[in-house]
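Participant: Next input, structure requested:
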Amino acid sequence: MEIIIKAPFEKLLEMKVLEAKEDFGKVMMPYRKEFTNPHGFIHGGVISSLADTAAAVAMCTKYGDRIYFTAKLDMEFKTSIKDGEMFAEARIFREKGNFFFSKIEVKDGNEKLLATGSAIFFMPSQK
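Facilitator: Numbers count the residues shown, from 1 in each chain. Sure, this is the predicted structure:
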């Protein structure tokens, strides 16, 4: 299944979907100096955005164009990154009513773990 980034925000960050299969998404984002904090490291908000997008791609593989949104995003940062591409992989692992739970890992190009996280999505009932 081919998933194309549609959101203007994700296009602004130059995210690219690398893999999308049922309940799984992998998204890449390149390094840009504009993404750094005052110390030269990639800003945590940028990493969180990448993680959230990967989880949304995983949702999209199963629910396509249905409306859903992030109800909760938790991130735990393991190390910092100063340059290079970043990759986020997310998997939907549980559904409960209108809520969908995912686990996320963010890594650099050498597979070094940068952050782990989880996202909970809410999908309103269709009318």
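Participant: hey, let's count contacts and neighbours off CA atoms from now on
Facilitator: Fine.
Participant: if I look at M86, how far off is A55?
Facilitator: 15 Å (C-alpha to C-alpha, to the nearest Å).
Participant: Equivalent analysis for K33, please.
Facilitator: 25 Å.
Participant: hang on, the earlier thing: between M86 and A55, who's got more neighbours?
Facilitator: A55 (33 against 25; other C-alpha atoms under 10 Å).
Participant: what about the more buried one, helix or strand, and which?
Facilitator: Element membership for A55 (DSSP states H and E) is helix 44-63.
Participant: And the average pLDDT for that helix is what?
Facilitator: Helix 44-63 comes out with an average pLDDT of 95.
Participant: which parts of it are buried?
Facilitator: Using 16 or more other C-alpha atoms under 10 Å as the test for burial, helix 44-63 gives 44, 47-61.
Participant: what's the helix or strand following that helix packed up against?
Facilitator: Going down the chain from helix 44-63, the next helix or strand is strand 69-77, by DSSP H and E. Under the contact definition 3 or more C-alpha pairs under 8 Å, 6 or more residues apart in numbering; DSSP states H and E, strand 69-77 sits against helix 44-63, strand 113-122.
Participant: May I have strand 69-77 as PDB, with CA atoms only?
Facilitator: Taking Å, rounded to 0.1, in the frame of the first residue of the first chain, the C-alpha atoms of strand 69-77 are listed here in PDB:
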ATOM      1  CA  PHE A  69      -6.400  12.200  15.600                       C
ATOM      2  CA  THR A  70      -3.700  11.900  18.200                       C
ATOM      3  CA  ALA A  71      -5.300  11.900  21.700                       C
ATOM      4  CA  LYS A  72      -2.000  11.300  23.500                       C
ATOM      5  CA  LEU A  73       1.700  11.200  22.600                       C
ATOM      6  CA  ASP A  74       4.400  10.100  25.100                       C
ATOM      7  CA  MET A  75       8.000  10.300  24.200                       C
ATOM      8  CA  GLU A  76      11.200   9.200  26.000                       C
ATOM      9  CA  PHE A  77      14.400  10.500  24.600                       C
END
